[in-house]
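# with the input below, show me the fold.
(2 chains)
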There are 2 protein chains.
Amino acid sequence: MNSFAPALMTDQYELTMVSAALKDGTADRSCVFEVFARRLPTGRRYGVVAGPGRLMELIRDFRFTDEDIDFLRRAQIVDESTAAWLAAYRFTGDIDGYAEGELFFPGSPIMTVSGTFAECVVLETLILSVLNHDCAVATGAARMVTAARGRPIIEMGSRRTHENAAIAAARSAYLAGFASTSNLAAGAKYGIPTTGTSAHAFTLLHDDEPTAFSSQVAALGKNTTLLVDTYDIAQGIRNAIAVAGPDLRAIRIDSGDLSVLAQHSRELLDSLGATETKIIVSGDMDEYAIATLAAEPVDMYGAGTAVVTGSGAPTAGLVYKLVEVDGRPVVKRSENKATVGGRKTAVRRHKPTGTATEEIIVSQGVPDHFPNDRLLQRSFVAAGEVVDQPALQESRDHLRQCLISIPWEGLKLSAGDPAIPVTIVPTV
Amino acid sequence: MNSFAPALMTDQYELTMVSAALKDGTADRSCVFEVFARRLPTGRRYGVVAGPGRLMELIRDFRFTDEDIDFLRRAQIVDESTAAWLAAYRFTGDIDGYAEGELFFPGSPIMTVSGTFAECVVLETLILSVLNHDCAVATGAARMVTAARGRPIIEMGSRRTHENAAIAAARSAYLAGFASTSNLAAGAKYGIPTTGTSAHAFTLLHDDEPTAFSSQVAALGKNTTLLVDTYDIAQGIRNAIAVAGPDLRAIRIDSGDLSVLAQHSRELLDSLGATETKIIVSGDMDEYAIATLAAEPVDMYGAGTAVVTGSGAPTAGLVYKLVEVDGRPVVKRSENKATVGGRKTAVRRHKPTGTATEEIIVSQGVPDHFPNDRLLQRSFVAAGEVVDQPALQESRDHLRQCLISIPWEGLKLSAGDPAIPVTIVPTV
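As a prediction, this is how the structure comes out:
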């Protein structure tokens, strides 16, 4: 019920274009499509590449099933010869792009898809759906991780987004440096650490708060988190320590003025001898709320809505554009939406200290590059075969290194220009 | 690869709560949980219920598979007795709520889940994920439909959201009154009309624009839409009519100042004798952009990013709260997040003319209701069995009637109060 063959996750126009191109003989023209963002969401200083790992699994499975074809035929979306072409469809081209965990800027060619027109054009929607979603979440999440200054953040936003998007969001948040997720499917599928103890409902289920806490500690041990704000927080903390003793692992506060409450809670815990008991706060946490709590005795954050919705930018603005046909650059001239033709190659330039200074993108050949430069594109699919990808943990480490490499202004939460300038050298 | 058993689309704390409740004997307490929004997104005047139809399919399939249980055991998330309970899990309770296509306001009890604590608590994340996503999309979409004043809108936002969310978004947009979708999976699964002809890539693939247009018309006939803004719009329109003749169905413009371009395009089409050729506009269409074009000769809109992201409110803010245990109302007192105890019943009051005036919600019994009142809750699941639901088309018609019923101020796009007041009568 909840599964779809990826091949119908496609906009109809891709198939009508294939149909027309098969008829007029252009379907087999050799094409290059590129994925890039014309601009970053207002004021954002960088984007984070997320999704290629997930996308390549879907492209490997991208087949039109008999059921798909029947639907397309019955709905008269494709004719018989197109139906036959779709039934035989396998992507046999190449996909290159920025590694998962890489940063991107306006114009960065984060994915390049080459092959025949028809085989490339049918992947447009799937590629953009995965990348627009996952990059949006990872980028917002990375800002939260920066704001948290090393304190762990738990991703707990599954309930605020589509049930499948939730799993991808947990993956993107972990890639961006979140410590764990509440989403069990993300744990099962991607090996992300999962966490979670109890909700207000558990306290309300019981006759009183001490009874609820006793039950939780009996079941989960003292290495658990007691949620102390169902009734009165100070009393909740006293009940928690009375039940669990001063070596309770953590309390969680999910409401109220968290700055004040964190301070009072810390004082109260300390006065009860629970000096090692951690304080976890949750409730409308975004990068700004997290930054506001930097000086408070908070040990861990729980973030929900903001992380799964890209913290104000729920989609990354990535587009998929045809840039080359039979080796010849092509461009559209639409007002405000013009493109630069030609297959791009990108390098990021760094100082000897490792600080990134510029991204250079050329549409012919390879940019001159020096010892401190880094070529940004790698192979994802070669002649239709998916190339082994770095593990999620490696991509997570790569992003951390990338964020260290940009000028410090690039990490500011305030609105500003992209962290480094991008120079696009068009075809001469 | 792209399918998950719904049972792991769950936050870990639900299973740890079940585990603790099984141990202490409270797991079988009779409970009532309610889904409601504390408030609407800032300035919104109503919410649209969407998702129950989709949700009930997922609840029917909600089973912990052997693979799920193995994961939970290996990860030490549940103990053996909880694993056994999960393996036998079937929801045997009742679910009631507002019909799909119904309006909701702050506090409206849009879904009520009753059964044992354990069987209800494990559905929390799935229920909220589906409803928060689908209601958010449907609500934004309904505002666009109002702004379009009867002109059709095509949903074409799949590429801007997660690939599975895209299918649900197409469904929600159609429920809200959109005419069609570009998403083929939504067509196949839900019978929503699909549409789509060609992209700029198709024009660029060909040696020139007239060749591309000829190919498209040869393949799809004159009853198609030619995209005229790849190079120069006026020339594009001349090429389109030269190729297809004056009975071409439509042109599409996807860039530039659409107000001016629509006027110029209409004049040009008319001067070429193509007086019946429609003008479709797309590109960053939200309810405000649509409203701005009300006076222009636009025949149809294409909406993408804004519709799939809830037009500024990507999640509906719905929560799932325990309100009754063993027939006794329960409330949490958390600051700014307090709840009202007791199982609620809701009626919407209307004038004899049919205009809605108020929503009355009582937490004990059933509100007094009069001939023009409407009881708002219906049965979705009875003793574990999913009750037949209205077809999507019926829900779509129901929403149209509901929107006609609210005071005219309720349909304004500007920020304002909820369209009708909600009176919640708490337990005495």
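# settle this for me: A:Val130 is touching A:Leu58, isn't it.
Yes - between A:Val130 and A:Leu58 a contact is recorded at 6.8 Å, counting by CB atoms under 8 Å. Any C-beta I mention is one placed from the backbone N, CA and C, and that applies to glycine too.
# shared neighbours, these two?
Listed as contacting both A:Val130 and A:Leu58 by CB atoms under 8 Å, 6 or more residues apart in numbering or on different chains are B:Glu163.
# those two - which one has more neighbours?
Higher neighbour count among A:Val130 and A:Leu58: A:Val130, with 27 against 21, using other CB atoms under 10 Å in any protein chain shown.
# could you look up the SS state of that one?
Of the three states, A:Val130 takes helix under DSSP: H, G, I helix; E, B strand; the rest coil.
# that one and A:Ile241, how far apart?
Distance, A:Val130 to A:Ile241, by CB to CB, to the nearest Å: 46 Å.
# got it, and A:Val331?
For A:Val331, the distance to A:Ile241 (CB to CB) stands at 67 Å.
# neighbour count winner among those two?
Shown here are A:Val331 and A:Ile241; by other CB under 10 Å, A:Ile241 has more neighbours (23 against 19).
# next, the contact list for the closest residue to the more buried one other than its chain neighbours, please.
What sits nearest to A:Ile241 in space, not counting adjacent residues and going by CB to CB, 6 or more residues apart in numbering or on different chains, is A:Leu272, at 4.5 Å. Residues near A:Leu272 by CB under 8 Å, 6+ apart: A:237-238, A:241, A:246.
# out of those residues, name the ones that lie in helices.
If you go by DSSP state H, those have A:237-238, A:241 in helices.
# in TSV: the contacts of A:Leu272, plus distance to B:Pro421.
Shown next, in TSV, are the contacts of A:Leu272 (distance: CB to CB, whole Å):
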residue	distance to B:Pro421
A:Ile237	38
A:Arg238	40
A:Ile241	44
A:Pro246	50
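# JSON lines for those residues, including pLDDT?
What follows is those, written out as JSON lines (pLDDT from 0 to 100):
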{"residue": "A:Ile237", "pLDDT": "98"}
{"residue": "A:Arg238", "pLDDT": "98"}
{"residue": "A:Ile241", "pLDDT": "98"}
{"residue": "A:Pro246", "pLDDT": "98"}
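# separate out the buried members of those.
A:237-238, A:241 (16 or more other CB atoms under 10 Å in any protein chain shown).
# which residues of the stretch 251-400 of chain A lie near chain B?
Applying CB under 8 Å from any CB of the partner chain, one finds that the stretch 251-400 of chain A approaches chain B through A:254-257, A:283, A:305, A:308-309, A:314-315, A:320-322, A:325, A:330-337.
# kindly recompute the last result at 6 Å.
Counting by CB under 6 Å from any CB of the partner chain, the residues of the stretch 251-400 of chain A close to chain B are A:255-256, A:305, A:309, A:314-315, A:322, A:325, A:330, A:332-337.
# which of those residues fall within strands?
Among these, the members falling in strands (DSSP state E) are A:322, A:325.
# and the residues of the stretch 251-400 of chain A next to chain B, which two are furthest apart?
Spatially, the most separated pair among those is A:Gly256 and A:Val325, at 60.0 Å (CB to CB).
# between these two, which one's more packed in?
For A:Gly256 versus A:Val325, the count of surrounding residues by other CB under 10 Å is larger for A:Val325: 20 against 16.
# and the more buried one, bridged to which residues?
In this entry, A:Val325 is beta-bridged to A:Cys31, A:Arg328, by DSSP bridges.
# which ones are touching A:Ser158?
A:166, A:183, B:11, B:125 (CB atoms under 6 Å, 6 or more residues apart in numbering or on different chains).
# rerun at 7 Å
Neighbouring residues of A:Ser158 by CB atoms under 7 Å, 6 or more residues apart in numbering or on different chains: A:166, A:182-183, B:11, B:125, B:129.
# Throw those residues into a markdown table and include secondary structure, thanks.
Shown next, in a markdown table, are the contacts of A:Ser158 (three-state DSSP):
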| residue | secondary structure |
| --- | --- |
| A:Ala166 | helix |
| A:Ser182 | coil |
| A:Asn183 | strand |
| B:Asp11 | strand |
| B:Thr125 | helix |
| B:Ser129 | helix |
